[in-house]
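A.B. asks: sequence first, predicted coordinates after that:
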Amino acid sequence: MCSDLNSTKPDRSKVVCIATDGPVLNFIGIKAKDPANSVAFYKMLGLEFVLHRHGAGLEHYAAEYRTFVLEIHAAQSNEDVRNRVRIGFQVRNLFDLCASLAQNGAHILSRPKSSSWGLRMIVLDPDENRVELFENIDVTVER
């Protein structure tokens, strides 16, 4: 739940979110053979995009809202983009969750570490989609 949910014009430079009873979906990243075509499709659904880049990373499209972000990245020319998504969840007790996932045989790509969004880890789901898990998004984060 974000502190500015009732605000008509939230300050997107500062996001204050806290986990509720369960995981909170807050991020979806997709790869597209033709990103501009995908952006046009999602614009029809009412999403607005800007070109964005994380540090020295590749440029991509981002639609940022109070409770979630949708990113569209260009796929490699020979990459199969079917059934390939990156999903982000805000969770509690990330270290405990990491231990439980490892104990149950999950493929962990990166263990919990600090990021600008709080603690973050990445795990693969059974279909090899990346799932990013975040904790401590209950503090103000500069974006």
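C.D. replies: Perfect, I can see it now.
A.B. asks: centre-most residue in the chain?
C.D. replies: With distances taken as CA atoms, centre = their mean, the chain has F27 as the residue nearest its mean C-alpha position (2.8 Å).
A.B. asks: what's the closest non-adjacent residue to it?
C.D. replies: Spatially, and ignoring its direct neighbours in sequence, F27 is nearest to G88 (2.9 Å; CB to CB, 6 or more residues apart in numbering). Every C-beta, even on glycine, is put in place using the N, C-alpha and C of the backbone.
A.B. asks: also L94?
C.D. replies: E135 (3.8 Å).
A.B. asks: the one you found against N93, yeah?
C.D. replies: Yes. E135 is within contact range of N93, at 7.1 Å (criterion: CB atoms under 8 Å).
A.B. asks: so where do the strands sit in this protein?
C.D. replies: Taking DSSP state E as the criterion, the chain carries its strands at 14-15, 24-32, 50-52, 60-64, 69-74, 85-90, 107-115, 118-124, 130-135, 141-142.
A.B. asks: save those as TSV, and put in distance to S100 and mean pLDDT too.
C.D. replies: Shown next, in TSV, are the strands of the chain (distance: least, CB to CB, whole Å; pLDDT from 0 to 100):
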stretch	distance to S100	mean pLDDT
strand 14-15	27	50
strand 24-32	18	86
strand 50-52	33	94
strand 60-64	31	95
strand 69-74	26	91
strand 85-90	14	81
strand 107-115	11	92
strand 118-124	11	90
strand 130-135	11	89
strand 141-142	26	42
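A.B. asks: just send the ones you listed back as JSON lines, with distance to L101 too.
C.D. replies: Putting the strands of the chain into JSON lines (distance: least, CB to CB, whole Å) gives the following:
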{"stretch": "strand 14-15", "distance to L101": "26"}
{"stretch": "strand 24-32", "distance to L101": "18"}
{"stretch": "strand 50-52", "distance to L101": "29"}
{"stretch": "strand 60-64", "distance to L101": "27"}
{"stretch": "strand 69-74", "distance to L101": "23"}
{"stretch": "strand 85-90", "distance to L101": "12"}
{"stretch": "strand 107-115", "distance to L101": "6"}
{"stretch": "strand 118-124", "distance to L101": "6"}
{"stretch": "strand 130-135", "distance to L101": "9"}
{"stretch": "strand 141-142", "distance to L101": "24"}
